[in-house]
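1. got a sequence here, can you model it:
(one chain, ligands or ions: 2)
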Amino acid sequence: MMLQVEGAYKSFGDFGAVNGANLTVSEGELVVVIGPNGAGKTTLFNLIAGQLKLDQGQILFGGENIAGLPPYEICERGIARSFQIANIFHRLTVFENVQVAVLAEQRKSTSLFRPAYNMAVEETNSILESVGLLHKAGNIAGALSHGDQRILEIAMALGNEPELLVLDEPTAGMSPEETFAAMELIQQLARERGITILLCEHDMDVVFSVAESIMVMHQGRTLLQDEPEAVRCNAEVQEAYLGVS
Ligand SMILES: Nc1ncnc2c1ncn2[C@@H]1O[C@H](COP(=O)(O)OP(=O)(O)O)[C@@H](O)[C@H]1O
Ligand SMILES: [Mg+2]
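-> Ligands and ions are numbered 1, 2, ... in the order given. Modelled structure (predicted):
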């Protein structure tokens, strides 16, 4: 098991935003967390990536407890994430945005004497190519379309060479065409770069077309995690979330 969240709890004051969440992600899998607004999906991702500290429970990554580690350390161990609202450097170019991430990653393994380093040009270009933004490398990030900004954020996360990529509503605010292209891209990254993907998404058509495993959250709690077909057929899920009665 790559990632295992067991009995996670997180309260804000006396409100339990995450209230008994369980989640497993195997290597190479594409896992989608679903649940209505306010179900606790973002809070759960913040616990996994270290933006928040959990009150109770365990988060194991590669068998080691990472709960409570600071975000940079969790990132170093191989978890990179994007945010529900794109987090890019608006005044830098597309190239520079990704280069920053690649340089930060290389610095960890670079000796002072590594050939006056190549400024990460090759790796940056390779990432931009694999997300389809190479032809916009010189554009100012802030001037990109919303959809391209979200893709750029994924490209920046790739600069960290993650094993697990955590994406919070990667298609939020995208047109149907952009959504389709983005999900294709995410699946392709999983295949070509061997990255495991955990994401949350509200469009059920998208969810059921890409997910290999679905975890259903409701009021901070995990209702179940199972294969898409089993989730689709589950009566409790249909009632609580899919709006079928
Ligand atoms: N920093 C915070 N302080 C207080 N309440 C919060 C905070 N973050 C989230 N919440 C609350 O926790 C609940 C879960 O939020 P969130 O994890 O963002 O849900 P989701 O991503 O599933 O929509 C919501 O009711 C939200 O208002
Ligand atoms: Mg959210």
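
2. drop to CA atoms for contacts and neighbour counts, all remaining ones
-> Will do.

3. who's in contact with Gly57?
-> 5-9 (C-alpha atoms under 8 Å, 6 or more residues apart in numbering).

4. tell me the secondary structure at it.
-> strand (DSSP: H, G, I helix; E, B strand; the rest coil).

5. need the pLDDT of it.
-> We have a pLDDT of 97 for Gly57.

6. pretty sure Trp167 sits in a strand.
-> Actually, residue 167 is Leu rather than Trp. Yes: judged by three-state DSSP, Leu167 forms part of a strand.

7. now do the contacts for it.
-> Neighbouring residues of Leu167 by C-alpha under 8 Å, 6+ apart: 81-84, 197-200.

8. hmm, try it at 6 Å
-> Residues in contact with Leu167 (C-alpha atoms under 6 Å, 6 or more residues apart in numbering) are 81-82, 199.

9. thinking again about what came up before, wait, which of the contacts of Gly57 is closest to Ala141?
-> Nearest to Ala141, judged by C-alpha to C-alpha, of those is Val5 at 34.8 Å.

10. list the buried ones in the lengthiest helix in the chain?
-> Ranked by residue count, the top helix of the chain under DSSP state H comes out as helix 176-193. Buried positions in helix 176-193, judged by neighbour count with 16 or more other C-alpha atoms under 10 Å: 178-179, 182-183, 185-187, 189-190.

11. what of stretch 123-140?
-> Within stretch 123-140, the residues that count as buried by 16+ other C-alpha under 10 Å are 123-125, 127-128, 131-134, 136-137, 139-140.

12. for the nearest residue to Arg150 once chain neighbours are set aside, give its distance to Gly173.
-> Spatial nearest neighbour of Arg150, excluding adjacent residues (C-alpha to C-alpha, 6 or more residues apart in numbering): Ala86 at 5.8 Å. Remark: distance between Ala86 and Gly173 (C-alpha to C-alpha, to the nearest Å) = 11 Å.

13. which one of those two has more residues nearby?
-> Neighbour count, other C-alpha atoms under 10 Å: between Ala86 and Gly173, Ala86 has more, with 18 against 14.

14. picking that back up, kindly indicate which of the contacts of Leu167 lies nearest Asn19.
-> Leu199 (19.2 Å).

15. can you give me the helices in the protein?
-> 41-49, 71-76, 94-109, 121-131, 146-158, 176-193, 204-210, 228-233, 235-237.

16. which among these is found nearest to ligand 1?
-> For the helices of the chain, the distance to ligand 1 is smallest for helix 41-49, at 3.7 Å, taking C-alpha to the nearest ligand atom.

17. next, count neighbours for Ala141.
-> Ala141, neighbours per other C-alpha under 10 Å, totals 23.

18. just the pLDDT at it, thanks.
-> Looking at Ala141, its pLDDT reads 96.

19. can you dump the C-alpha coordinates of stretch 189-203 into PDB?
-> The C-alpha trace of stretch 189-203 is given here as PDB (Å, rounded to 0.1, in the frame of the first residue of the first chain):
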ATOM      1  CA  LEU A 189       0.900  11.200 -16.800                       C
ATOM      2  CA  ALA A 190       0.000   8.300 -14.600                       C
ATOM      3  CA  ARG A 191       0.900   5.800 -17.400                       C
ATOM      4  CA  GLU A 192       4.000   7.500 -18.800                       C
ATOM      5  CA  ARG A 193       5.600   8.800 -15.600                       C
ATOM      6  CA  GLY A 194       4.400   6.000 -13.400                       C
ATOM      7  CA  ILE A 195       2.800   8.400 -11.000                       C
ATOM      8  CA  THR A 196       0.000   7.400  -8.600                       C
ATOM      9  CA  ILE A 197      -2.900   9.900  -8.500                       C
ATOM     10  CA  LEU A 198      -5.300  10.900  -5.800                       C
ATOM     11  CA  LEU A 199      -7.800  13.500  -6.700                       C
ATOM     12  CA  CYS A 200     -11.200  14.800  -5.800                       C
ATOM     13  CA  GLU A 201     -13.800  15.800  -8.400                       C
ATOM     14  CA  HIS A 202     -17.400  16.700  -8.400                       C
ATOM     15  CA  ASP A 203     -18.400  15.900 -12.000                       C
END
